[in-house]
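# 3D model of this:
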Amino acid sequence: MPGGRLTQQERRQIGLGLADGLAYAEIARRLDRPTSTVTREVMRNGGPTAYRADLAHRATERRSHRNRQAAPRDPGTQPQPHGRDADAVHAYEEAFSDVLMQTGLSNKMMCRVLTSLYTTDEGSLTASELVRRLQVSPASVSKAVTFLESQGLVRRERDEGRRERYIVDDDVWYQSMMASARSTDLLVATAREGVGVLGPGTPAAVRLENIARFLDFISESITRAAEQARDVLYAKAEPDAPAPAGGAEQHADGGREE
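As a prediction, the model looks like this:
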């Protein structure tokens, strides 16, 4: 399986595959590349409907040029445990941030902060650690964290040194889904308020009621699915059953010894 960056010809093959309606896995098989490589390439360059091979190639060259021109990273600020390849980790973080942007987080800095927290083994970083890791200003980090916290994607706490740490929990996406459901509920209530203002039965009121009904159904479905997923994926193991009363021991052959 070939490694390294995608070539311009490979990007054109990706574009042709998308135009033919092929799945990412099939395009990757034809290129002899991992499916994840094709997925990241498409998502960071406009998605399946807007992907253009030549534009994607030029964008990659521009990003590569910016990376070469940027000040070298201090290797002491980003230790790579478990024998990880620092360049591979950095490339993955950039790709992950781009995918987050495609899926709804429109601000690049918020995506970079969230990706940094996801890809640390501890799942937490201080503001100063994020500033060094991302080579940005403290104000940029603060603004990004404030928004992410409002969406339930991160939380803050003080460590033993009284430093503020930003943390992503295992159930971060559950918390985010619940925050999204609460926002949708507010929109439902506001739409239904408009029904009374505009007059029940009028075209505008009917439209708002339809919006409310649709969003109410979606919110309820999201909440139910998130709770079910959390119960299944994060269920704790049941404690070991207590030994039989009376001190009797059960033998493998089914007999009992008093």
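
# Tell me the spacing between the nearest residue to residue 163 once chain neighbours are set aside and residue 120.
Spatial nearest neighbour of residue 163, excluding adjacent residues (CB to CB, 6 or more residues apart in numbering): residue 126 at 5.0 Å. All C-beta atoms are positioned from the backbone trio N, CA, C, and that covers glycine. Distance from residue 126 to residue 120, counting by CB to CB, to the nearest Å: 11 Å.

# Isn't the residue nearest to residue 163 up against residue 161?
No: judged on CB atoms under 8 Å, residue 126 makes no contact with residue 161 at a distance of 9.0 Å.

# Of the two, which one has the most company?
residue 126 (15 against 7; other CB atoms under 10 Å).

# what's near enough to touch that one?
159, 163-166 (CB atoms under 8 Å, 6 or more residues apart in numbering).

# So which of those belong to strands?
Within those, residues falling in strands by DSSP state E are 164-166.

# which one among these gets closest to residue 37?
residue 166 (30.1 Å; CB to CB).

# Wait, that closest one touches residue 129, no?
No: if you go by CB under 8 Å, residue 166 and residue 129 don't touch, sitting 9.1 Å apart.

# Any stretches of this protein with poor pLDDT?
1-3, 63-79, 104, 106, 235-258 (pLDDT under 70).

# domains in it, as residue ranges please.
7-68, 92-169, 172-233 (automatic domain parsing).

# a markdown table for these, including distance to residue 81?
Compiled in a markdown table, the domains of the chain are given as follows (distance: least, CB to CB, whole Å):
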| stretch | distance to residue 81 |
| --- | --- |
| domain 7-68 | 22 |
| domain 92-169 | 7 |
| domain 172-233 | 22 |
